[in-house]
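*Asks:* Have a look; sequence and predicted model below, questions after that.
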Amino acid sequence: MIKTSEPKVIWNSKCLLGEGTLWLKEHNSIYFVDIKKKKIFILNIKNQKKKIIKVNKEIGFLAHIKKNIFILGLKGELRIQDLKTNKKIKSFFIEEDLKLNRINDGKTDPLGNLWFGTMDNLERNLNNGSLYKLDKNLLITKVDKNYMITNGPAFINPYNFYHTDSRRKTIYKIKIDKNNKLIKKEVFKKFSKKDGAPDGMTLDSKNNLWVCHYGGAAISVFNKKSKLIHKIKFPAKNITNCCFGGANNRDLFVSSALKGMGKNDIGKFNKSGSFFKVSTNVLGKNPKSFKLKQSISS
């Protein structure tokens, strides 16, 4: 049986659109971003040191490569950058024909490939979003398309994963082959209006799926048969992204967003925009660092 603590604010970050949670054991640190404020937040949980790095574009996520080198998922660009020196090492421009698109969520799979999704930045009802994979040779493949707002993915194994279209309130279960071809795509869970929209998500070691509710002030946990087995309520309305981490990999770190909230909402959900920690009795799964075949240095 899953047990969780009350959510605790560990950074009153006042994020307009907090996202991109990433636990990095070797740095004893949790990373997250504010997409709209173009910021990366770093909290060392050992010494409680906080750092904010400003970037020049909206940022959906970051993925670790080695030491202080990361891939940043930016508007129209994947960028390899040293966060210590701020040196830009390499850039790949994405969807140059879709100037109003941006990269949203991204995660690495168990083999160290990077997966990321795109969306219309104005959040119009357009199917302009796609799902991409960046492999160790820095080859980009479009794997799926016709999304409105991409979120996830969360990997069961290298060929089976969950991916979300938040606008459609739908989590899909996807199977691909070794050539990145889509073999199967089925609806895993559809949210009702009162639930809000499924946003970022992560898996625990038993492959239960932990899903953030944007507009729903909660995280739901579903087993592999899509049955709800646990729920955590938050004093924040828009719960956006989560990952496991901490000393024993049993803490859940959670981002949230103030975007689109009025005074009444903020009064009711007064911790909105904060960054939270929830203690759990389950073991989390962590993403691998991005595996790069060629050598890079800052």
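*Replies:* Structure's in. What do you need?
*Asks:* Show me where the stretch 1-150 of the chain has its strands.
*Replies:* Secondary structure of the stretch 1-150 of the chain, counting by DSSP state E, counting those that start in this stretch: strands at 8-11, 18-24, 29-34, 39-44, 50-54, 59-66, 69-74, 77-82, 88-93, 101-108, 114-120, 129-134, 140-147, 150-157.
*Asks:* would you turn those strands into CSV with mean neighbour count and distance to K190?
*Replies:* Heads up, the C-betas are built off the backbone N, CA and C, glycines and all. Formatted as CSV, those follow (neighbours: other CB atoms under 10 Å; distance: least, CB to CB, whole Å):
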stretch, mean neighbour count, distance to K190
strand 8-11, 16, 31
strand 18-24, 26, 22
strand 29-34, 25, 27
strand 39-44, 19, 32
strand 50-54, 13, 37
strand 59-66, 24, 24
strand 69-74, 25, 26
strand 77-82, 20, 31
strand 88-93, 13, 34
strand 101-108, 26, 19
strand 114-120, 25, 18
strand 129-134, 22, 18
strand 140-147, 16, 15
strand 150-157, 24, 14
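*Asks:* Could you dump those strands into a markdown table and include distance to I229 and mean pLDDT?
*Replies:* Listed next are the strands of the stretch 1-150 of the chain as a markdown table, based on distance: least, CB to CB, whole Å; pLDDT from 0 to 100:
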| stretch | distance to I229 | mean pLDDT |
| --- | --- | --- |
| strand 8-11 | 22 | 98 |
| strand 18-24 | 22 | 98 |
| strand 29-34 | 25 | 98 |
| strand 39-44 | 29 | 98 |
| strand 50-54 | 34 | 98 |
| strand 59-66 | 27 | 98 |
| strand 69-74 | 31 | 98 |
| strand 77-82 | 35 | 98 |
| strand 88-93 | 39 | 95 |
| strand 101-108 | 22 | 98 |
| strand 114-120 | 26 | 98 |
| strand 129-134 | 27 | 98 |
| strand 140-147 | 27 | 98 |
| strand 150-157 | 16 | 97 |
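*Asks:* export the ones you listed to TSV and tack on distance to K169?
*Replies:* What follows is these, written out as TSV (distance: least, CB to CB, whole Å):
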stretch	distance to K169
strand 8-11	27
strand 18-24	18
strand 29-34	23
strand 39-44	28
strand 50-54	32
strand 59-66	20
strand 69-74	23
strand 77-82	28
strand 88-93	31
strand 101-108	16
strand 114-120	15
strand 129-134	15
strand 140-147	13
strand 150-157	11
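*Asks:* wait, which of those is closest to C242?
*Replies:* Shortest separation from C242 across these is recorded for strand 18-24, at 5.9 Å, computed as CB to CB.
*Asks:* looking at the strands of the stretch 1-150 of the chain, which is closest to V221?
*Replies:* That would be strand 150-157 among the strands of the stretch 1-150 of the chain, by CB to CB, at 12.1 Å.
*Asks:* Check which element follows the closest one along the chain.
*Replies:* strand 160-165 (DSSP states H and E).
*Asks:* Off-centre distance for that next one?
*Replies:* Here the centre of strand 160-165 is set off from its chain's centre by 12 Å, with CA atoms, centre = their mean, to the nearest Å.
*Asks:* Give me the sheet partners of the helix or strand that it is followed by and which way each runs.
*Replies:* The C-terminal neighbour of strand 160-165 among helices and strands, as given by DSSP H and E, is strand 170-176. Counting by DSSP bridges, the strands paired with strand 170-176 are strand 160-165 (antiparallel), strand 182-190 (antiparallel).
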